[in-house]
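K.L.:
coordinates for the following, if possible.
(one chain, ligands or ions: 1)
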Amino acid sequence: MSQPLVGIIMGSDSDLDIMSEAAKLLDEFNVAYEVRVISAHRTPEEMGAYASSAAERGLKVIIAGAGGSAHLPGMTASHTTLPVIAIPVKRDHHGHEAFWSSIKMPPGIPLATMPENGARNGALLAIEILALMDTDLATRYETFRQKQHDSVLKTDAKLQTEGWETYLKENKS
Ligand code: RP5
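P.N.:
Predicted structure coming up:
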């Protein structure tokens, strides 16, 4: 097992369905990571110890997801100088409190807040950070972006050929 470079942490195992999207994306790019449940409220000392030892353990980026009061991402950022990426976990019965809790960080403690449930984008941002120091990863990421670009052009070409009504009927039903 290679040295984890990314820490994926979450306040509860109930966040795992959302946060697993980050793990899946990192798997696609062959980036080593660890997945942990660490609660800012229920295990505050462990949260502090995890974040303050993360850099010396070899982690380069932390992706932290939580819902509700969502103190985990911000407090993790307070305990480390590594980049921390927040994933506000949003369920149907939630408001937008987790997002606001993450985006309203005080000056001096940056937290890269993703859209609600945006664990996949969080992992992509982690890859962009890691790719600054890893040319192979940078190449794999360029390829990913190029494929995404080509796919949109292909979609638009099909739309132009078929016309929007046929396209809608045949592709979106
Ligand atoms: C947050 O409260 C967790 O991150 C989770 O999103 C939410 C619910 O937690 P559990 O009731 O599943 O422990 O702190």
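K.L.:
which other helices and strands contact the lowest-mean-pLDDT helix or strand in the chain?
P.N.:
Within the chain, confidence by mean pLDDT, DSSP states H and E is lowest for helix 164-171 among all helices and strands, at a mean of 95. Contacts defined by 3 or more CB pairs under 8 Å, 6 or more residues apart in numbering; DSSP states H and E place helix 164-171 against helix 135-162. Placement of C-beta: from N, CA and C, glycine included.
K.L.:
list the contacts of the most centrally placed residue in the chain.
P.N.:
The centroid of the chain falls nearest to Gly122 when counting by CA atoms, centre = their mean (2.1 Å). If you count contacts by CB atoms under 8 Å, 6 or more residues apart in numbering, Gly122 has them with Ala22, Ile63, Gly65, Ile85, Ala86, Ile87, Ala112, Met114.
K.L.:
can you pick the most crowded of those residues?
P.N.:
Ile87 (35 neighbours; other CB atoms under 10 Å).
K.L.:
you'd agree the residue nearest to the centre of the chain is in a strand?
P.N.:
No - assessed with DSSP: H, G, I helix; E, B strand; the rest coil, Gly122 is helix; it does not lie in a strand.
K.L.:
and the gap between it and the ligand?
P.N.:
Using CB to the nearest ligand atom, to the nearest Å, one gets 15 Å for the distance from Gly122 to the ligand.
K.L.:
next one, pLDDT for that residue please.
P.N.:
As predicted, Gly122 sits at a pLDDT of 98.
K.L.:
gap between it and Ser2?
P.N.:
Going from Gly122 to Ser2 by CB to CB, to the nearest Å gives 21 Å.
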